[in-house]
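Participant: generate coordinates for the sequence data below:
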Amino acid sequence: MASLGPQSLVVLADVGGDEFHVGDEAMLDANLALIRGAAPETKVTVLGRSADNDAIRSAVGGADGVLLSGGGNLSDTWPWLVGQRLTLLEEALRRALPVVTGGQTIGPALSDPQRARLIAALAGVTMLGTREADSRALALELGVSPDRVDYQVDDAFGQRGTPPTDGPLLAAVDAPYIAVTLDGSYASQAAALGLRSLAGQLAALAAELRLGLVFVPHLGQLGERAGDDVGAGRRLEQLLRLTGTAIHIAPVLPVSEAAWLSHRAALTISSRYHPLVFASAAAQPCIALHRDAYTRAKLRGALAHVGAEEWCLPTAHAEAGGLLAHTRELWKAKDETCARMHDARPAIDSREAVRQAALLARLGIASPAPDRPIARPERMLRGMSSDATAGDQRTAAPISVRAEIANSITPEQWDQFARDGFLHLGPVLSSEQIAQLTQRADDLAMGLVQNDHVQMQLDTGGAYDELPEAVQAFASGTRMYRKIQGLEMDDLFISLIRHPRFFEACARIYGPHVPVSIFRAMVMNKPAGQGTYLPWHQDGGDVWALDREPLMTIWIALDPATTANGCMEAVRGSHQLGLLSAHGSTVSDEDAAVHCPEEMVVPLEVAAGHAVLLHNWLIHRSGINSSPIPRRAVTVCYLDGRTRSIQTGDHFPVVAGSVDATSQPYVAYLETEVAALREAASTSEEYALSLAAALEATRASHAEAAEYARSLEAERERLTAELAEATATSSGPVRRRPFAR
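Facilitator: Coordinates of the predicted model:
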């Protein structure tokens, strides 16, 4: 196939040096295979971890495009590697070269200087791959446009495996086994006590499940049993020997052989990332062990793509006996778990075909032929009919990067949503997450956690119109609350709000390039044996005071929602009526009689942790809770991020993309006019006050003059009286005195 793209490409990967890192090599191999399969004549320059800034700038200076291979290096856990990648991106941006990335882990921790440089550097990336939902959310927070952010599996997810050439290893894996990978930190003295506990639990598991143990190092000297990971394996071997349990330590293997071991393992237990990627790709059960926020984000992210993130636990919990208990639970649910992982794979393959084609297109390289088969682990192919395999390999129709945030909602489901006005989205929360969110809601209501942005309303069990006003805190803590709102400003609930599946719905309903904001995020509660009856209503209209109508709400059950505990009821298809009243909110009795016939009413029963997408114009209601358990749910109304309040002119909290806060010209004119009128009003008020003061002074002066006039009049009257009296008492004529000479 002739290439339409760059003749020279720079690829940066975390490879090279004294030790072989299976995962980073696997991601690089996958990306090189993709490029060479589409454009074999392209000159590819690979830069590894030893490349300094000068070498990076020199290589980019002679390139036509840049690819940053996948990895977990955009975190302050690896400051040198963050700096290296920033130099690459900045130089490519300066030269206006097309830049794409494989699946990146971003953060979760970034220093302020790293964050500032990333904001500028990522502005030049035409396609940013993110391996975890949290990484995607952080990319959006850093200002990357949603249409340039891709949520993807790891670059090496489709890695094929080949049997190892090591004879003793092949003999060791001839029987079913547990593949164990522990990173080098487990070889330290500080980890000795915890490793002793893990060894005891692994011995118990091997005996209970009748499985062998194989230690698969992920980092070290290729082909040798040497390196930090092997050191952890040696310590584990010594501790297991005390229990009479054997473990075979494999050498550091080439990528395809390491993948083969994970594909074939009956169970994988790993503190490293890529053994989980390989095993989950083959729909094999996995247990992930994480030490900190960084490894938690990565390992949960690896398993989340196949719906297995619940099998990720903190190392401290594992060392306290949790590994044994957690693995027993997994083994009981093994068939169901593996089936779910297996069922997730066709959709992943389709999305990967689209992503790979988009990545090549962004670099200007012709895509592979549409019927190019997707690489799949051999364990996945066994047991499938040839027809099913061929069907899984078909390439999906191209879709926008933003719309493919999760791509979990099928065209048929969108047709159903358009028809019904609601759509069940399936599970979005694990049992652990449900417990955390319900605990946070209860803690807020009880006053154990303070959040100035939150308001809450008491549930009185009375009429809807007689509910009390919302308050910032109850006078005394109670779990008898009806709602807690403002949760878009809560650090736990914001992670749920930014769930990729919800952003996928936003992209479909509001458009793939539109920013997303939150009108309100609440926990709605119907306390056990109580709850307020909510009449038929629609969510929209003038009562919401928005400059454009909200169109979607996500409703997530924290407790099972059933008809017994007052689940929501909806009138199927009623959103197609539009708003029955411009004012919005409660539907009149007359409209309810016409538009809410019983045969169209559907109870929306929802399992705990599952979500439902609702059109805001859907007519719905909910009853009281006659059951002995509460019925709590999270409800989030998503807006086109450009929406403003018509009362304040302000936007709402943005959770995806960015919004230009600059006012539109007419609004800016009005704001200037209002400011001038306010200034004039202030001046007029001051003038009016001065006139009032002058009037009061004049009145006081007039009063004083009147009093003086009265005193003069009284004096005149007195003198007149005296003169009259003197005249009346005179006894004779008045004698005139002669003039003196």
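
Participant: for beta bridges, what are the partners of Arg520?
Facilitator: Cys637 (DSSP bridges).

Participant: mind listing what it touches?
Facilitator: 485-486, 488, 635-637 (C-beta atoms under 8 Å, 6 or more residues apart in numbering). Bear in mind the C-beta positions are built from the backbone N, C-alpha and C, glycine included.

Participant: give me the most central residue, this protein.
Facilitator: By C-alpha atoms, centre = their mean, the chain has its centre lying nearest to Arg498, at 2.4 Å.

Participant: OK, contacts around the residue lying closest to it once chain neighbours are set aside?
Facilitator: Of all residues not flanking Arg498 in the chain, Ala137 sits nearest, at 4.4 Å (C-beta to C-beta, 6 or more residues apart in numbering). By C-beta under 8 Å, 6+ apart, the contact set of Ala137 is 495, 498, 656.

Participant: same question, Gln530
Facilitator: 459, 461, 480, 624-625.

Participant: top of those residues by number of neighbours, please.
Facilitator: With neighbours defined as other C-beta atoms under 10 Å, the most crowded of the contacts of Gln530 is Asn625; it has 26 neighbours.

Participant: that one reaches Thr532, doesn't it?
Facilitator: No: contact criterion C-beta atoms under 8 Å: Asn625 and Thr532 do not qualify, at 9.4 Å.

Participant: how far away is Ile178 from Ile509?
Facilitator: Look at Ile178 and Ile509: by C-beta to C-beta, to the nearest Å, they are 45 Å apart.

Participant: which stretches in the stretch 451-600 of the chain count as strands?
Facilitator: Ranges of strands within the stretch 451-600 of the chain are 455-458, 481-485, 516-526, 534-538, 552-557, 568-571, 585-586, based on DSSP state E, counting those that start in this stretch.

Participant: for Ala204, which of those strands is the nearest?
Facilitator: Nearest to Ala204 among those is strand 552-557; the distance by C-beta to C-beta comes to 36.3 Å.

Participant: separation between Ser645 and Glu469?
Facilitator: For Ser645, the distance to Glu469 - C-beta to C-beta - is 20 Å.

Participant: of these two, which one has the most company?
Facilitator: Taking neighbours as other C-beta under 10 Å, Ser645 and Glu469 compare with Ser645 leading, 14 against 7.

Participant: which residues touch the more buried one?
Facilitator: By C-beta under 8 Å, 6+ apart, Ser645 lies in contact with 545-547, 652.

Participant: any idea how far it is from Asn451?
Facilitator: According to C-beta to C-beta, Ser645 and Asn451 sit 21 Å apart.

Participant: likewise for Gln104?
Facilitator: Distance from Gln104 to Asn451, counting by C-beta to C-beta: 32 Å.

Participant: neighbour count: the two, which is higher?
Facilitator: Gln104 (27 against 17).

Participant: just give the closest residue to the more buried one, not the sequence neighbours.
Facilitator: Closest to Gln104 by C-beta to C-beta, 6+ apart is Leu74, at 5.4 Å.

Participant: quick check: beta-bridge partners of the one you found?
Facilitator: What pairs with Leu74, by the bridge criterion (DSSP bridges), is Ile106.

Participant: residues contacting it?
Facilitator: Going by C-beta under 8 Å, 6+ apart, the list of residues near Leu74 reads 82, 85, 104-107, 110, 118.

Participant: just name the closest of those residues to Trp331, please.
Facilitator: Thr105 (29.2 Å).

Participant: give me the below-cutoff pLDDT ranges for the stretch 551-700 of the chain.
Facilitator: 660-670 (pLDDT under 70).

Participant: what sits against the closest residue to Asp228 other than its chain neighbours?
Facilitator: Sequence neighbours aside, Gly184 is the residue nearest to Asp228 in space, at 2.6 Å (criterion: C-beta to C-beta, 6+ apart). Residues in contact with Gly184 (C-beta under 8 Å, 6+ apart) are 219, 227-229, 231-232.

Participant: now do Gly184 against Glu310, distance only.
Facilitator: 27 Å.

Participant: what of Ala611?
Facilitator: Taking C-beta to C-beta, one finds Ala611 at 16 Å from Glu310.

Participant: out of the contacts of Gln530, which two sit at the greatest distance?
Facilitator: Pairwise distances across these peak at 13.3 Å for Met480 and Ile624 (criterion: C-beta to C-beta).

Participant: tell me how many other residues crowd Val523.
Facilitator: Residues near Val523, counting by other C-beta under 10 Å, number 27.

Participant: again with Gly124
Facilitator: Gly124: 18 neighbours (other C-beta under 10 Å).

Participant: so how far is Asp54 from it?
Facilitator: Taken as C-beta to C-beta, the span from Gly124 to Asp54 is 20 Å.
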